[in-house]
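S.K.: Below: sequence and its predicted model.
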Amino acid sequence: MSSLFDSVDFNQRLFFPRRDSSPAPAGARDSFVEVEKGVRLHCRTHTKADAKATLVYFHGNGEVVHDYDDLAPRFLALGVELVLFDYRGYGQSTGVPTLRNIYADAVKCFETVPRSRPRIVFGRSLGAAAAAELAGREGLIDGLVLESGGSDLLALLARRGFPSMTLSAEERAVFDPREKLKRCRVPTLVLHGAEDNLILPSEAQGAFEALSSKDKKLVLIPERGHNDLSFSDVYWSALGAFLAKWK
């Protein structure tokens, strides 16, 4: 299938990779996942021996795993171990990022996370695309968190400077997060800034409505935009209550 979503132009407009990195802090370890010959992705795990679940985190655009070193203790305090992956071309990861690669790589990376604990997928902004891919695969994940994520393909195209277009059934099946979320039946938390003007709260509502899960919650965080949700006590309260399901 030939699609605009596979074009070099689209993917160059979509991704904003950073190449900086830092050593793993105390209590964390680095590893690499080979997703195809000659391409490996950087993984950073913030360990917690008594964790009740593992939070597998796919970060936003323009971010890298070490951006979360300072926030990691707050996640660990909620009773989870934190595992983060960089996309192709980000941080210490090799290769070139594309939207299609995000889907395939998310599965390969997720499969390296031990099944010894429940595995909860967290997708922030761009990372929501990876999270939706995993959520659409029956029986793979135990829980889902979407933060500041998009769910409208036409809105994504508009944000990247492409005119409105008609999407084929094949394109929707491969690239539309709502089609994948329809197959998601695990507990899900959708977090979004009530004042987000980059990805509108209506897209969070769209994701929420698409979910087939009977255990789902949408939290629109007052006075927050796209990148500042973690500065809100409402954010941590909602996330803590959600993760308590696995304690």
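M.R.: Everything's here; your move.

S.K.: okay, CA-based contacts and neighbour counts for the rest of this
M.R.: OK.

S.K.: Give the burial count for residue 171, as a bare number.
M.R.: 16 (other Cα atoms under 10 Å).

S.K.: ok, for it, nearest residue in space, not its chain neighbours?
M.R.: Spatial nearest neighbour of residue 171, excluding adjacent residues (Cα to Cα, 6 or more residues apart in numbering): residue 3 at 7.2 Å.

S.K.: So what's the predicted local confidence for the one you found?
M.R.: Model confidence at residue 3, expressed as pLDDT, equals 91.

S.K.: Pairing partners for the closest residue to residue 131 other than its chain neighbours in the sheet, please.
M.R.: The shortest distance from residue 131 to any non-neighbouring residue, by Cα to Cα, 6+ apart, is to residue 123 (5.1 Å). Under DSSP bridges, the beta-bridge partners of residue 123 are residue 58, residue 146.

S.K.: re earlier: pretty sure the residue nearest to residue 171 sits against residue 170.
M.R.: No: in this structure residue 3 lies outside contact range of residue 170 using Cα atoms under 8 Å: 9.3 Å.

S.K.: Any regions of the chain where pLDDT drops low?
M.R.: 1 (pLDDT under 70).

S.K.: ends of stretch 226-246, how far apart?
M.R.: Using Cα to Cα, to the nearest Å, one end of stretch 226-246 lies 28 Å from the other.

S.K.: Give me the residues contacting that stretch.
M.R.: The contact list for stretch 226-246 (Cα atoms under 8 Å, 6 or more residues apart in numbering) reads 52-53, 78-80, 118, 148, 189, 191-193, 195-199, 219, 221, 224.

S.K.: Go again with 7 Å.
M.R.: For stretch 226-246, contacts defined as Cα atoms under 7 Å, 6 or more residues apart in numbering pick out 52-53, 78, 148, 189, 193, 196, 198, 221.

S.K.: Could you give me the buried positions within that stretch?
M.R.: Within stretch 226-246, the residues that qualify as buried are 226-227, 229, 234-236, 238-240, 242-243, 246, counting by 16 or more other Cα atoms under 10 Å.

S.K.: go on, stretch 121-138?
M.R.: 121-136.

S.K.: And residue 217, how close does it get to residue 211?
M.R.: Residue 217 is 10 Å from residue 211, by Cα to Cα.

S.K.: Of these two, which one has the most company?
M.R.: residue 211 (23 against 16).

S.K.: Check the burial of the residue nearest to residue 224 when sequence neighbours are not counted by counting its neighbours.
M.R.: Closest residue to residue 224 apart from its sequence neighbours, by Cα to Cα, 6+ apart: residue 193 at 4.6 Å. Look at residue 193: counted by other Cα under 10 Å, it has 25 neighbours.

S.K.: Let's test this: what are the backbone torsions at residue 193?
M.R.: Main-chain dihedrals, residue 193, degrees, to the nearest 10: phi -70, psi 130.

S.K.: so it touches residue 221, yeah?
M.R.: Yes: if you go by Cα atoms under 7 Å, residue 193 and residue 221 touch, sitting 4.9 Å apart.

S.K.: now the strands: where do they sit in this structure?
M.R.: Using DSSP state E, the strands of the chain run over 28-36, 39-46, 53-58, 80-85, 119-124, 143-147, 188-193, 216-221.

S.K.: Turn the ones you listed into CSV, columns for distance to residue 156.
M.R.: Putting the strands of the chain into CSV (distance: least, Cα to Cα, whole Å) gives the following:
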stretch, distance to residue 156
strand 28-36, 26
strand 39-46, 25
strand 53-58, 18
strand 80-85, 23
strand 119-124, 15
strand 143-147, 16
strand 188-193, 16
strand 216-221, 20
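
S.K.: just to revisit the earlier point, relative to residue 113, which of the contacts of stretch 226-246 is nearest.
M.R.: Taking Cα to Cα as the measure, residue 113 lies nearest residue 53 of these, at 11.2 Å.
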